[in-house]
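>>> Can you look at this prediction? I've put the sequence above it.
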Amino acid sequence: MRKVIGIGETIMDIIFKNGQPTAAVPGGSVFNGIISLGRLGVNVTVISETGNDRVGREILKFMEDNGVDSSNVNVYEDGRTAISLAWLNEKNDAEYDFYKDYPKARLNVEWPVIEKDDIIMMSSYFVLNPALRTTVREFLTYARSRGALIYYDFNYRSSHKHESLKLRPDILENIEFADIVRGSTEDLDNMFGCSDPDRVYKNEIDFYCKNMLCTDSDGDIRLFSPQVKKSYKVNRVETVSTIGAGDNFNAGIVYGLLKENILRDDLPNLSEEKWNRVVQCGMDLASQVCQSLNNSISKEFAESYKK
């Protein structure tokens, strides 16, 4: 059975609506998708870090309750588990304030065993952070040597836009490691100073990675691949919160790859029909998570979706 291994932060999201806290939910850009995949019965593990505190213990229990292997989570004695305040606006999109207290020595874990065509999910500033970059590069080199399929979600926030030039070599290195990349138009603008997916794919991505998905909160999904270049219309739903929408789109894409038994070597010649089914999975999971304050799909939805 193919495994999915996520590498990224774990965090406790405290969600505010109309200035008042309404929910506290374990989260993290890769973490949210990994939880959804665990609920869908996928063999999942996560490489991450958390503090040896009450919040950290709650997150580890949440992972266990949702079928996620936490044996590769670095539980550190110094520092505290990260917390974010997520402020929902009138469109139910979130703006974040982060509170972090990490130790100097971080991500001191053994790598999980990786087999050919296992899927690696990575995302956000976590895999660019200079404090972790050497460790992340070692892991990606190991994953590539084992023949894993690597999926990279940019999730590059505006708070790091001023660092984009300095981080450009590491961004491009991640893209080169990846088999599929995904970014929003906002990510593209924050990273490359251009929100036009056609231009960014041609000028920045195509040389390093042939498969790109681009999402837009107010538009369609764009696919760029060797065989297919296409737009997918997104059906609008009434949102409760958009937190986790992109993360669960990623989870849906990965679930589609597994469901269709698409291997890394299949990607260069993947047909439009196959891509359609994979992208539909991404849209299905993203749509469902927007209809609640949860960061991942519900267990009830997961059970029905597996059938």
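Ah, there it is. Residues are numbered from 1 along each chain as shown.
>>> Quick check: buried residues in the longest helix seen in the chain?
Of all segments of type helix in the chain, defined using DSSP state H, the longest is helix 272-289. Within helix 272-289, the residues scored as buried using 16 or more other CB atoms under 10 Å are 274-275, 278-279, 281-289. Where you see a C-beta, it was placed from the backbone N, CA and C, and this is true even at glycine.
>>> try stretch 258-274
Buried residues in stretch 258-274, counting neighbours by 16+ other CB under 10 Å, are found at Leu258, Glu260, Ile262, Arg264, Leu267, Leu270, Lys274.
>>> How far off centre is the helix or strand of the chain with the lowest mean pLDDT?
The weakest-scoring helix or strand in the chain, judged by mean pLDDT, DSSP states H and E, is strand 94-101 (a mean of 88). Centroid separation for strand 94-101 versus its chain: 17 Å, with CA atoms, centre = their mean, to the nearest Å.
>>> Can you name every helix or strand that that strand contacts?
On a contact count with 3 or more CB pairs under 8 Å, 6 or more residues apart in numbering; DSSP states H and E, strand 94-101 meets strand 80-88.
>>> about what we covered before: who are the packing partners of the longest helix of the chain?
The contact analysis (3+ CB pairs under 8 Å, 6+ apart) places helix 272-289 against helix 29-39, strand 221-224, strand 229-232, helix 245-259, helix 299-306.
>>> from those, which stretch is densest packed?
Neighbour counts (mean count of other CB atoms under 10 Å) averaged over each of the helices and strands packed on helix 272-289 peak at helix 29-39, with a mean of 29.
>>> For that helix, output the C-alpha coordinates as PDB.
Coordinates of the C-alpha atoms in helix 29-39 are reproduced here as PDB (Å, rounded to 0.1, in the frame of the first residue of the first chain):
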ATOM      1  CA  SER A  29      -1.000  23.600   5.700                       C
ATOM      2  CA  VAL A  30       0.200  20.000   5.200                       C
ATOM      3  CA  PHE A  31      -1.400  18.800   8.400                       C
ATOM      4  CA  ASN A  32      -4.900  19.700   7.300                       C
ATOM      5  CA  GLY A  33      -4.700  17.600   4.200                       C
ATOM      6  CA  ILE A  34      -3.000  14.800   6.000                       C
ATOM      7  CA  ILE A  35      -5.800  14.600   8.500                       C
ATOM      8  CA  SER A  36      -8.300  14.400   5.600                       C
ATOM      9  CA  LEU A  37      -6.400  11.600   3.900                       C
ATOM     10  CA  GLY A  38      -6.200   9.700   7.200                       C
ATOM     11  CA  ARG A  39     -10.000  10.000   7.500                       C
END
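>>> Which SSE is immediately downstream of that helix?
Using DSSP states H and E, the helix or strand that follows helix 29-39 towards the C-terminus is strand 43-51.
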